[in-house]
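Undergrad: Here's a sequence, model it:
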Amino acid sequence: MVRARSSPEELARLLAVYWSPVYAFLRRRGHGPHEASDLTQGFLADVVLERDLICRADPERGRFRSFLLAALKNFVIDEHRRKAGRDGGRPIAFVPDDPAVLEAAEPSEADDPIWAFDRQWATTVLGIVLERLQEACHKEGLGPHWTVFEGRVLGPIRHGCEPVPVEDLIRSVGARDRDEIYSMQNSVKRRFKTVLREVVAETVDDQTELDTELAELRGLLSL
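TA: This is a model prediction of the structure:
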């Protein structure tokens with residue numbers, strides 16, 4: 001997160017991580033999709049950017065995610081901001097232009113606002129990790145490794161399905177035997193842990209906060 005204070009690129013990444021959690025929180029506070037999207041933009045632009053929320057965060061006083069959530073609650077309470085919405089003069093914050101992003105950010109009706117925020121944060125981080133991991137695998141010529149990881153690990157986690165049988169994967173990726181499949185699977189699992197740590201590290205300031213966020217993330221995702 002320190003880099004986000006001086007790098008527009010890192011700041012954009014941080015905003016991308018938190019857009020969906022903020023939107024999910026607002027949806028569970030009773031705002032419709034359009035209003036929640038508008039308020040999310042307002043919060044990121046008016047509070048996170050204009051008030052420089054990132055520079056004001058103090059690791060000694062708690063996690064940035066908790067600090068941001070407290071600021072969001074205060075923002076929602078402000079009746080004037082809720083009614084004003086966007087006024088056309090705000091700096092540009094991260095706004096998804098893909099309708100699928102809004103659909104993916106939609107919380108369950110059974111979620112309370114805070115749970116919706118936390119779960120969407122975990123889901124967003126996981127999505128970023130998997131996107132980077134898949135891209136790295138294909139760049140490095142490890143497409144078959146990704147296929148094995150997707151079939152044996154990722155599919156069951158995301159869709160609750162049974163792992164693809166090892167014998168099927170041996171045929172589809174041209175592996176020698178079961179041992180090679182397990183080796184490929186474990187190789188990507190190790191990379192997954194590394195990339196997960198890198199992505200979460202981009203949203204925190206110190207080692208203690210990083211370890212805490214990783215532990216909570218694993219709990220939310222049942223990793």
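Undergrad: Give me the three-state assignment for residue 163.
TA: Using DSSP: H, G, I helix; E, B strand; the rest coil, the structure places residue 163 in coil.
Undergrad: Now do the contacts for it.
TA: Contacts for residue 163 were tallied using Cβ atoms under 8 Å, 6 or more residues apart in numbering; they are 151-153, 155-156. The way it works is simple: take the backbone N, C-alpha and C, and place the C-beta from them, glycine included.
Undergrad: Which PyMOL command selects the buried ones in those residues?
TA: Listed next is the PyMOL selection for buried residues among the contacts of residue 163, using 16 or more other Cβ atoms under 10 Å:
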select buried, resi 151+152+153
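Undergrad: list the contacts for residue 156?
TA: Shown in contact with residue 156 (Cβ under 8 Å, 6+ apart): 162-163.
Undergrad: Could you provide the contacts of residue 163 in TSV, with additional columns for secondary structure, pLDDT and distance to residue 197?
TA: TSV is the format used below for these (DSSP: H, G, I helix; E, B strand; the rest coil; pLDDT from 0 to 100; distance: Cβ to Cβ, whole Å):
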residue	secondary structure	pLDDT	distance to residue 197
151	helix	97	24
152	helix	96	22
153	helix	94	17
155	helix	92	23
156	helix	91	22
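Undergrad: Looking at the contacts of residue 163, which is nearest residue 213?
TA: When those are ranked by distance to residue 213 (Cβ to Cβ), residue 153 comes first, at 21.8 Å.
Undergrad: In contact with that closest one: list those residues for me.
TA: Counting by Cβ under 8 Å, 6+ apart, residue 153 makes contact with 163, 185, 188-189.
Undergrad: Repeat that for residue 53.
TA: 47, 67-68, 71 are the contacts of residue 53 under Cβ under 8 Å, 6+ apart.
Undergrad: Looking at the residues you listed, state which has the most neighbours.
TA: residue 68 (24 neighbours; other Cβ atoms under 10 Å).
Undergrad: Go through the helix or strand hosting it and flag the buried ones.
TA: For residue 68, the element it lies in under DSSP states H and E is helix 64-77. Within helix 64-77, the residues that count as buried by 16+ other Cβ under 10 Å are 64-65, 67-69, 71-72, 75-76.
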